[in-house]
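1. Please find the sequence and the predicted model below.
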Amino acid sequence: MVGMKRTRISVQPITTTGPSSLVMKDVTYCVHRRIGPWWKGLCCRSKQLKNVLKNIDLHFGEELTAILGSSGAGKSSLLDVISSRIDGKLSGAVVYNGQPCTESNIQQHIAYVIQYDRLLPNLTVRETLTYAAYLRMPGDSSKEQVEEKVEQIMHQMGLFSVADSKIGGSVIRGISGGEKRRVTIGVQLLNDTKVLLLDEPTTGLDSCTAKALMNRLRTIAESGTLVAVTVHQPGSDLFKLFHKVCLLSDGLLAFAGTPSEMLKFYTKEGYPCPQFSNPLDFYVDLVSVDRRDKTRQQNTEVVLNRLVTRFLSSPEHASLHKTVYEDNSHTGRWNNTSVSGPGPFRIMATLLKRMTVNMFRDRSSYCTRLFVLSLFIPFICVFLGRLRFDQKSIQDRVGLMYQTLIVPAYVGAFNTAFLFPSLRDVYFREHKDGLYSPLTFISAYMMHAVPFHLIASIIFSTIIYWVTGLKPTPDKFFVYLFLVFFLHVIGEIMAVGAMAVFKNGQMAVNSVTLILTASFLFGSGLLRSIDSMSDPLEWLGWLTIHKYATEILVANEFQGLQLICEVADVHLILQHLTSEYS
Ligand SMILES: Nc1ncnc2c1ncn2[C@@H]1O[C@H](COP(=O)(O)OP(=O)(O)OP(=O)(O)O)[C@@H](O)[C@H]1O
């Protein structure tokens, strides 16, 4: 299960008898952590093994289960293990309806709502759900079926009043935080999930909105779905909403059962919840390890270990153990009917349409794509004016080539830094859900951007070429236009690649700027003669795009160019040569 590459092509439904259940049997999850300052590098930093989850037995039924614990207790890791999004070592088993969890049944039955809402800011709620439905529902779903499903989800999540409002983001004002959370959950419910995992769904919500959201989740659970939520700081009014609670601390299971069983258990152990205290908060605090100093850590660890041992010998644990290891109520088997996910054409068309609509909704986005390159036109034209045909105009022509080789590529990269991150965030979520591959995403992204590159390149090339007066033949103009377009696209592709490597957009743009500058310096030969460079730099030049782009540009303009050299110019050249070689 570790480090699996997941792309949904087709899934097999499971046939079961009785209500669904998911059990974790003796699950231990370890990760390696690098200790020490980052500058020591990967090889010199010591590796530390951390047991994130330790021998966890748990049972989830068709109910609302809260996974509670302080920060670092292992709550998110527990959901990661269930949904197979782990990068450490796992032992034990996760079993769904009597069958071990595999890639296909995880994707078919388990939906994971991550902590952050990664939605496209310019789409409406209805559009967000519709595009998600096309990516998630079976490939043969008709338009009517998709629309019906979207209506059903909006009804279920109470989103009708904002159906045609924009999602919004940091710049555009959109729907509220609670509504965004509901859209994110709605997206995950589109493929009739049987297991819904939510990581901190109430983070950032006020207590009233958090309670309303939990109420909805409880209703979903009661309609036959396993719902597990991690909660960091549960409000007291949530206590009655949870069917079950699991208390985690330091990777250990400190309690699992109903909320009233939890009160009873800890009261019996000598920790009754004080009057007017929130029991969930109180018990999360009780089992937390306080790491502020060594003494506090030791004292709190003693309390935790004692309570864990007591829980292991309690009737509550005996009942849990029985459910986990003796639950034979399911005879789930994979049947032979396979439900196909959407085909590659449908996925590509949906991604392309979604990106294009998202861009057209935001004037600054498409203006950036269309006109930023054009902003350089007046500078270049005013600076160079009309090119002459004398000796000195060679330098002007070289200057224009410099601008042509540098500007489109840089603008392509900067556009990406501005427009790509929100799309990338959505991609990260959907790729983890196994909806499509990186190649599909990048192809759709480039396909939606290329027409804009072409228009921007045509505007730039046409004005620059004919105003400055480069060689006035159509074939030469088209070569120039092609180069501008090519470099503009290359800048964007490089920035997309850098953003795949560096999560930080600034870092990505900096690295592309550096690479493009190096490519121009070593490859073009416009700022330093290639013959005067050392061999390694010259070889490096062969690897750059700018070497070939410059050669094409130089040949395009200078081949057969007639310049009129005045006598004074010839004198100057002779003078220069005489002083150089005397
Ligand atoms: N892949 C990983 N690499 C390194 N450490 C990890 C990894 N996954 C989890 N951990 C560590 O395991 C511990 C539990 O992490 P986890 O995210 O599950 O905690 P949490 O209870 O969800 O905390 P929070 O409420 O703050 O999100 C943390 O100390 C975390 O640093």
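-> Here it is on my side, so go on.
2. Can you give the domain ranges for this structure?
-> If you go by the TED database, the domain ranges for the chain are 22-326, 344-568.
3. what's the average pLDDT for the shortest one?
-> In other words, domain 344-568. Averaging pLDDT along domain 344-568 yields 91.
4. okay, now whichever residue of the stretch 101-250 of the chain sits closest to the ligand: neighbour count?
-> Proximity of the stretch 101-250 of the chain to the ligand (Cβ to the nearest ligand atom) peaks at residue 232, 4.9 Å away. (C-beta placed from N, C-alpha, C; glycine too.) When neighbours are counted by other Cβ atoms under 10 Å, residue 232 registers 16.
5. Next up, phi/psi of the nearest residue to it once chain neighbours are set aside, please.
-> Computed as Cβ to Cβ, 6 or more residues apart in numbering, the closest residue to residue 232 that is not its neighbour in sequence is residue 200, at 5.7 Å. With angles defined as degrees, to the nearest 10, residue 200 sits at phi 50, psi 60.
6. residues contacting the residue of the stretch 101-250 of the chain closest to the ligand?
-> Applying Cβ atoms under 8 Å, 6 or more residues apart in numbering to residue 232 gives the contacts 70, 71, 75, 200, 203.
7. ok, and which of those residues reach the ligand?
-> When contact is defined as Cβ under 6 Å from any ligand atom, these meet the ligand at 71, 75.
8. what separates residue 22 from residue 79, distance-wise?
-> Using Cβ to Cβ, to the nearest Å, residue 22 is found at 11 Å from residue 79.
9. Beta-bridge partners for residue 227, please?
-> Here residue 227 shows beta-bridge partners residue 64, residue 196, assigned using DSSP bridges.
10. moving C-terminal of the longest helix seen in the chain, what's the next helix or strand?
-> Determined from DSSP state H, the single longest helix within the chain is helix 393-432. Downstream of helix 393-432, the next assigned helix or strand under DSSP states H and E is helix 438-468.
11. Please name every helix or strand in contact with the next helix or strand after that next one.
-> Next in sequence after helix 438-468, counting helices and strands by DSSP H and E, comes helix 474-501. Other elements packing on helix 474-501 under the criterion 3 or more Cβ pairs under 8 Å, 6 or more residues apart in numbering; DSSP states H and E are helix 393-432, helix 438-468, helix 505-524, helix 545-558.
12. follow-up on the earlier one: count of residues packed around the residue nearest to residue 232?
-> Residue crowding around residue 200 was assessed by other Cβ under 10 Å; the count is 20.
13. hang on, it packs against residue 231?
-> Yes - using Cβ atoms under 8 Å, residue 200 makes contact with residue 231 at a distance of 7.0 Å.
14. Can you name the residues of this protein that neighbour the ligand?
-> Within the chain, the positions lying close to the ligand (Cβ under 6 Å from any ligand atom) are 31, 33, 50, 52, 69, 71-77, 87-88, 232.
15. go again using 8 Å as the cut-off
-> By the rule Cβ under 8 Å from any ligand atom, the part of the chain lying against the ligand is 31-33, 50, 52, 69-78, 80, 86-88, 115, 199-200, 230, 232, 248, 251.
16. returning to that earlier point: distance from the longest helix of the chain to the middle of the chain?
-> Averaging C-alpha positions (Cα atoms, centre = their mean, to the nearest Å) puts helix 393-432 21 Å from its chain's average.
17. For the stretch 201-350 of the chain, which segments count as strands?
-> With DSSP state E, counting those that start in this stretch as the criterion, the stretch 201-350 of the chain has strands at 226-231, 244-249, 252-257, 333-334, 339-340.
18. Now render these as TSV, adding distance to residue 357 and mean neighbour count.
-> Converted to TSV, the strands of the stretch 201-350 of the chain look like this (distance: least, Cβ to Cβ, whole Å; neighbours: other Cβ atoms under 10 Å):
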stretch	distance to residue 357	mean neighbour count
strand 226-231	32	26
strand 244-249	42	26
strand 252-257	45	25
strand 333-334	38	12
strand 339-340	26	13
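19. Out of those strands, which gets the lowest mean score?
-> The minimum mean pLDDT among those belongs to strand 333-334 (a mean of 43).
20. Okay, buried residues for stretch 381-388 please.
-> 384, 387 (16 or more other Cβ atoms under 10 Å).
21. which residues are contacting it?
-> So stretch 381-388 is in contact with 393, 396, 397, 399, 400, 463, 464, 467, 468, 469, 470, going by Cβ under 8 Å, 6+ apart.
22. hmm, which of those residues are the buried ones?
-> Judged by 16+ other Cβ under 10 Å, buried ones among these: 393, 396, 397, 399, 400, 464, 467, 468, 470.
23. pretty sure the last one is touching residue 483, no?
-> No - under the criterion of Cβ under 8 Å, residue 470 makes no contact with residue 483, lying 11.8 Å away.
24. Next up, the contacts around the spatially closest residue to residue 278 that is not a sequence neighbour.
-> Once flanking residues are discounted, residue 278 sits nearest to residue 236: 3.7 Å by Cβ to Cβ, 6+ apart. Contact analysis of residue 236 by Cβ under 8 Å, 6+ apart lists 278, 279, 280, 281.
25. swap the cut-off to 10 Å and go again
-> 207, 276, 277, 278, 279, 280, 281, 282 (Cβ atoms under 10 Å, 6 or more residues apart in numbering).
26. so how far is the ligand from the fifth one?
-> As defined by Cβ to the nearest ligand atom, to the nearest Å, residue 279 lies at a distance of 19 Å from the ligand.
27. Give me the neighbour count for that residue.
-> Using other Cβ under 10 Å, residue 279 is surrounded by 19 other residues.
28. For burial, what's the neighbour tally of the closest residue to it other than its chain neighbours?
-> Closest residue in space to residue 279, ignoring its immediate chain neighbours: residue 273 at 4.3 Å, by Cβ to Cβ, 6+ apart. Residues within reach of residue 273, counting by other Cβ under 10 Å, total 17.
29. Can you check the pLDDT for residue 273?
-> At residue 273, pLDDT is 87.
30. Now do the contacts for it.
-> The contact partners of residue 273, taken as Cβ under 10 Å, 6+ apart, are 262, 263, 266, 267, 279, 280, 281, 282, 283, 286.
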